[in-house]
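Peer 1: Got a predicted structure plus its sequence, pasted below:
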Amino acid sequence: MAEEYENTEQEQVPVEKSAQEAAATEPVAGEEAAQEAPEAVRTRASVVEAEEGPEEEPEEAEAVDDSREGKVPSPAVDAAEAVRQVALKIADAATRIGAATASTVVSGAKAASRAVTDPENPVRSATTKAATQVGDAITEAPMRTAFARVGADLYASGAVTSHGGNLSQTDGKHIWITRTNSMLGHLGSRDVIKTSWEESETDAECSRELVVHRAIYHALAQKAAAEGREFTGAAIVHAHTTNTIFRSLIENQIEPVESESRYTLGHAIKVFAPAVSISSPEAAQMLAEAVGQGEQIAVLRGHGPFAVADDLEGALRLVSVLEQAAKVANLRDATGKVFI
């Protein structure tokens with residue numbers, strides 16, 4: 001019996017020695033505790049089992065608790081804790097970055113708001129001007145297309161010379177008119193000028209006949225107001241049609257002598273003879289009075305017709321039909337024949 005005990009003791013020595021050596025060789029507590037020599041572990045287990053009987057396996061929860069108390073450090077638990085700490089730091093950094101970003105956005109929004117609302121801020125002025133120009137370009141595109149089309153038709157038909165004639169349109173608040181010395185047959189985006197309802201600095205760029213166009217529009221607005229209507233706009237075409245001008249030099253009115261002119265014009269068209277026919281206040285007053293009385297087209301002696309309609313095409317039609325009537329009348333006179 002004693003011999004067996006000695007054997008047991010002899011076996012115990014290497015067990016204890018191996019355990020001490022394993023502990024001495026651990027570089028860091030808890031990092032390599034699970035790396036004990038397998039043989040030493042098995043020997044120690046057999047000694048304990050011989051003295052005290054088989055040991056029950058600790059429950060998983062108890063093993064975890066022991067690791068937290070530092071008795072048997074667990075690498076898995078340590079790793080999980082390290083990950084948790086890193087995650088907390090990342091979350092904290094993200095919160096700080098998010099707050100800074102939000103603050104920057106709010107500050108930028110407030111600065112933009114001040115720039116837009118402050119009338120003294122040059123950014124607001126430039127932004128408003130640019131937005132207005134873009135809006136105008138979109139709104140005016142169809143109108144400017146009509147200017148180019150009607151101008152080309154007038155030139156192609158011989159109703160104007162290379163730089164003669166002028167076109168305009170109004171909405172009752174502004175006036176768009178061809179530039180002075182523009183070529184109606186080749187109108188570009190810069191050849192239609194937007195000016196004010198009343199006289200303004202932009203008038204200098206406009207056709208010199210603006211004084212006549214503006215007077216006619218004012219007369220139309222006054223007529224509409226007298227009739228209880230709202231004046232929403234009109235258009236004017238002024239051309240230098242050859243037969244109409246010739247007829248104006250020999251007659252005080254131009255009679256519609258063929259079917260289309262009788263249908264479209266309905267009656268003789270008046271010829272006015274101001275002392276100065278080109279861009280004069282007198283001419284403007286004469287034509288304004290005629291329009292106020294319901295005339296849609298009238299002629300300045302030696303200068304040509306001014307026609308007004310809802311749009312440029314309507315005004316072009318009146319000029320074209322009057323020219324046809326004057327041509328037929330001139331042919332009649334040239335032949336010496338009398339209409340049957």
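Peer 2: Arrived safely. Numbering: from 1, shown residues only.
Peer 1: contacts and neighbour counts: CA atoms only from here.
Peer 2: Will do.
Peer 1: Can you give me the domain boundaries for this protein?
Peer 2: 2-78, 141-335 (automatic domain parsing).
Peer 1: what bits of this protein have low per-residue confidence?
Peer 2: Scanning the chain for pLDDT under 70 picks out 1-77, 79-80, 83, 86-87, 90-137, 139.
Peer 1: Could I get the full set of strands for the protein?
Peer 2: 166-170, 174-178, 192-196, 234-238, 253-254, 269-272, 297-300, 304-309 (DSSP state E).
Peer 1: what would the ones you listed look like in a markdown table with distance to Gln222?
Peer 2: Listed next are the strands of the chain as a markdown table, based on distance: least, Cα to Cα, whole Å:
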| stretch | distance to Gln222 |
| --- | --- |
| strand 166-170 | 14 |
| strand 174-178 | 16 |
| strand 192-196 | 17 |
| strand 234-238 | 13 |
| strand 253-254 | 26 |
| strand 269-272 | 22 |
| strand 297-300 | 18 |
| strand 304-309 | 15 |
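Peer 1: Quick check: which of the ones you listed is nearest to Ala226?
Peer 2: Closest to Ala226 of those is strand 234-238 (Cα to Cα; 17.0 Å).
Peer 1: Starting from Ile216, give me the distance back to Gln293.
Peer 2: 11 Å (Cα to Cα, to the nearest Å).
Peer 1: what about the two, which has more around it?
Peer 2: Ile216 (27 against 12; other Cα atoms under 10 Å).
Peer 1: Report how many residues lie close to the residue lying closest to that one once chain neighbours are set aside.
Peer 2: Nearest in space to Ile216, with sequence neighbours left out and distances taken as Cα to Cα, 6 or more residues apart in numbering, is Ala288 at 4.5 Å. Residues lying near Ala288 (other Cα under 10 Å) number 21.
Peer 1: try Ile278
Peer 2: Count around Ile278 with other Cα under 10 Å applied: 18.
Peer 1: distance of it from His303?
Peer 2: Distance from Ile278 to His303, by Cα to Cα: 7 Å.
Peer 1: quick one: contacts for Val257?
Peer 2: Going by Cα atoms under 8 Å, 6 or more residues apart in numbering, Val257 touches Ala325, Val328, Ala329.
Peer 1: isn't the first one right up against Gln253?
Peer 2: The one in question is Ala325. No: taking Cα atoms under 8 Å as the definition, Ala325 is not a contact partner of Gln253, at 11.6 Å.
Peer 1: TSV please, covering the strands of the chain and showing distance to Val211 and mean neighbour count.
Peer 2: Shown next, in TSV, are the strands of the chain (distance: least, Cα to Cα, whole Å; neighbours: other Cα atoms under 10 Å):
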stretch	distance to Val211	mean neighbour count
strand 166-170	12	27
strand 174-178	11	23
strand 192-196	12	20
strand 234-238	12	26
strand 253-254	24	20
strand 269-272	16	22
strand 297-300	14	25
strand 304-309	13	26
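Peer 1: To Ile340, which of the ones you listed lies closest?
Peer 2: strand 253-254 (19.0 Å).
Peer 1: From the contact counts, what lies against that closest one?
Peer 2: Judged by 3 or more Cα pairs under 8 Å, 6 or more residues apart in numbering; DSSP states H and E, strand 253-254 is in contact with helix 242-248, strand 269-272.
Peer 1: run the last query once more with 7 Å
Peer 2: strand 269-272 (3 or more Cα pairs under 7 Å, 6 or more residues apart in numbering; DSSP states H and E).
Peer 1: Tell me how many other residues crowd Lys337.
Peer 2: Neighbour number of Lys337 under other Cα under 10 Å is 9.
Peer 1: picking that back up, and the domains of the chain as JSON lines, adding distance to Leu88?
Peer 2: Formatted as JSON lines, these follow (distance: least, Cα to Cα, whole Å):
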{"stretch": "domain 2-78", "distance to Leu88": "15"}
{"stretch": "domain 141-335", "distance to Leu88": "60"}
